[in-house]
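[1] Provided below are the primary sequence and the corresponding predicted coordinates.
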Protein chains: 2
Amino acid sequence: MKGDNFTVWFTGLPRSGKSTVARLVLDGLREGGHRAELLNSARIRREINRSLGFSREDIKENMARLSYECRMLNRNGLIAVVTSVSPYRDLRDEVRREIGRFVEVYCRAPLEVLIKRDKRGLFERAQKGEVQFVAGVNAPYEEPIKPEVLLDTDREPAEACAAKVIKTLELLGYIEPMEQATYTQEETEIIKQRLSDLGYL
Amino acid sequence: MKGDNFTVWFTGLPRSGKSTVARLVLDGLREGGHRAELLNSARIRREINRSLGFSREDIKENMARLSYECRMLNRNGLIAVVTSVSPYRDLRDEVRREIGRFVEVYCRAPLEVLIKRDKRGLFERAQKGEVQFVAGVNAPYEEPIKPEVLLDTDREPAEACAAKVIKTLELLGYIEPMEQATYTQEETEIIKQRLSDLGYL
């Protein structure tokens, strides 16, 4: 079944590049004629979910709301692109079950790289104990076991990461092949093999 | 400017018929080829805004979330149809300003009619003081001064109410004339005159 009715969910530690890559994916999808909407968890928290903190319960509620919005967008023919640390594996799996057509993108980079990128000093303040619930420092982050896309954002430029996401969407049959995904045949085969190994193809 | 990028906001006391009429409007719009989504405040509260009560502050936050969702739907070419008691005039006006393309539908009926309709005994329990924050009994409801549509749901059947909403959307230029709105020329003129008197035409 084709149609712009699926969700791309970016997970990963703060500063792992989720928003940067998601923004490029969104642009690529729109250029390809798709209707897509970005749901940035951090922005939504600032704007409408102000009362929610970062305890497991609050994260669960925030994810339930994101899931609700994804389903609303999807059933109306819009691709939902979500960026959310979403550190708990079982909560991500719950969202995956609810949404159904779901592609998990894990943005990964070593902590020292994240700290270097962290201009606002979030990790430093967490290390000093001034901020609580920072995933990777004083709160858990459970890595995805079978993400459809695994991005090592310290090694691949953002554009290549975005192209990899789009190529994956093509290979999974969610979208028709687009020009934007400029992967070589060999690189495509590697992605294909991985999806196949994970049982997604 | 045409396009399915506007919001129809049903306000009114509990049991005033908001959901019934909104559902018919939604069906009518969809039959007419429009893309529309229903945002039922009561259902959303049950599903994802569980932590919110009915104090003015909580109502404000709930409406802010509804407004956010309307804008998201509207900018993606979807009509948002909202049902929400939304008892405070200034909060409704704030949402109107935020959303821009906004049609307020006020569902009105005398309290005795609402009580008769109230199979779950909400008003009765409020009158006994067992339930707090029930608009119209122990919480305020500020009537709209200039709603684009005024429906006396105790006198007009739901189908006629829905047709009136759709006819109004046509007259305001939000949608092209549809067959579903079966108002006579005379009835249409009355609606037109009202919209003109209110400064909407």
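    Structure received. Numbering: from 1, shown residues only, chains lettered A, B, ... in the order given.
[2] longest strand in chain A, by residue count?
    strand A:102-108 (DSSP state E).
[3] so what touches that strand?
    Applying CB atoms under 8 Å, 6 or more residues apart in numbering or on different chains, the external contacts of strand A:102-108 come out as A:6-13, A:16-18, A:21, A:92, A:95-96, A:143-144, A:146-153, A:161, A:165, A:168-169, A:172, A:174. Just so you know, the C-beta spots here come from the backbone N, C-alpha and C atoms, and that holds for glycine as well.
[4] parallel or antiparallel, list what pairs with it.
    strand A:7-11 (parallel), strand A:149-152 (parallel) (DSSP bridges).
[5] I'd like to know which of those strands is closest to residue B:201.
    strand A:7-11 (41.4 Å; CB to CB).
[6] average model confidence for the closest one?
    When pLDDT is averaged over strand A:7-11, the result is 98.
[7] quick one: the helices in chain A?
    For chain A, the helices defined by DSSP state H cover A:18-31, A:41-47, A:56-75, A:89-99, A:111-117, A:122-127, A:158-171, A:185-197.
[8] closest to residue A:137 out of those?
    So among those, helix A:122-127 is nearest, using CB to CB, at 3.9 Å.
[9] what's that closest one in contact with?
    For helix A:122-127, contacts defined as CB under 8 Å, 6+ apart pick out A:14-15, A:111, A:114-115, A:118, A:131-132, A:134, A:136-138.
[10] quick one on the thing from earlier: need the strands paired with strand A:102-108 in CSV with distance to residue B:178, can you?
    Shown next, in CSV, are the strands paired with strand A:102-108 (distance: least, CB to CB, whole Å):
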stretch, distance to residue B:178
strand A:7-11, 33
strand A:149-152, 44
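[11] most tightly surrounded among the ones you listed?
    strand A:7-11 (a mean of 29; mean count of other CB atoms under 10 Å in any protein chain shown).
[12] quick one: that one to helix A:56-75, angle?
    Angle between the axes of strand A:7-11 and helix A:56-75 is 150 degrees (criterion: axes from the mean of the first three to the mean of the last three CA atoms, to 10 degrees).
[13] CA atoms of strand A:7-11 as PDB?
    This file holds the C-alpha atoms of strand A:7-11, laid out as PDB (Å, rounded to 0.1, in the frame of the first residue of the first chain):
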ATOM      1  CA  THR A   7       5.800   8.300  10.100                       C
ATOM      2  CA  VAL A   8       9.600   8.800  10.200                       C
ATOM      3  CA  TRP A   9      10.700   9.000  13.800                       C
ATOM      4  CA  PHE A  10      14.100  10.300  14.600                       C
ATOM      5  CA  THR A  11      15.500   9.200  18.000                       C
END
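[14] now that strand, how far from the centre of its chain.
    3 Å (CA atoms, centre = their mean, to the nearest Å).
[15] tell me which parts of chain A are close to chain B?
    A:35, A:37, A:44, A:47-51, A:61, A:64-65, A:68-69, A:72-73, A:76-78 (CB under 8 Å from any CB of the partner chain).
[16] mind listing what's buried in stretch A:151-164?
    Neighbour-count burial for stretch A:151-164, with 16 or more other CB atoms under 10 Å in any protein chain shown as criterion, is recorded at A:151, A:153-154, A:158, A:160-164.
[17] what residue of chain A is the furthest out?
    Largest separation from the mean C-alpha position in chain A: residue A:128, at 28.2 Å (CA atoms, centre = their mean).
[18] so which elements touch the helix or strand of chain A with the lowest mean pLDDT?
    Every helix and strand in chain A was compared by mean pLDDT, DSSP states H and E; the lowest is helix A:41-47, with a mean of 84. Using 3 or more CB pairs under 8 Å, 6 or more residues apart in numbering or on different chains; DSSP states H and E, the elements in contact with helix A:41-47 are helix A:56-75, strand A:79-83, helix B:56-75.
[19] can you give me the mean pLDDT across the second one?
    Confidence for strand A:79-83, expressed as mean pLDDT, is 98.
[20] same question for the first one.
    Per-residue pLDDT values over helix A:56-75 give a mean of 93.
[21] what packs against that helix?
    strand A:7-11, strand A:36-40, helix A:41-47, strand A:79-83, helix A:89-99, helix B:41-47, helix B:56-75.
[22] repeat the analysis, applying 6 Å as the threshold.
    Secondary-structure packing of helix A:56-75 (3 or more CB pairs under 6 Å, 6 or more residues apart in numbering or on different chains; DSSP states H and E): strand A:36-40, strand A:79-83, helix A:89-99.
[23] centre of the chain to it, how far?
    Relative to its parent chain, helix A:56-75 has a centroid offset of 14 Å by CA atoms, centre = their mean.
[24] and that helix, what's buried?
    A:58-74.
[25] so that helix versus strand A:79-83, what angle?
    Angle, helix A:56-75 to strand A:79-83, by the same axes, to 10 degrees: 160 degrees.
[26] contacts for helix A:56-75?
    For helix A:56-75, the external contacting residues (CB atoms under 6 Å, 6 or more residues apart in numbering or on different chains) are A:5, A:7, A:37, A:39, A:49, A:52, A:80, A:82, A:86, A:91, A:95, A:98-99, B:48.
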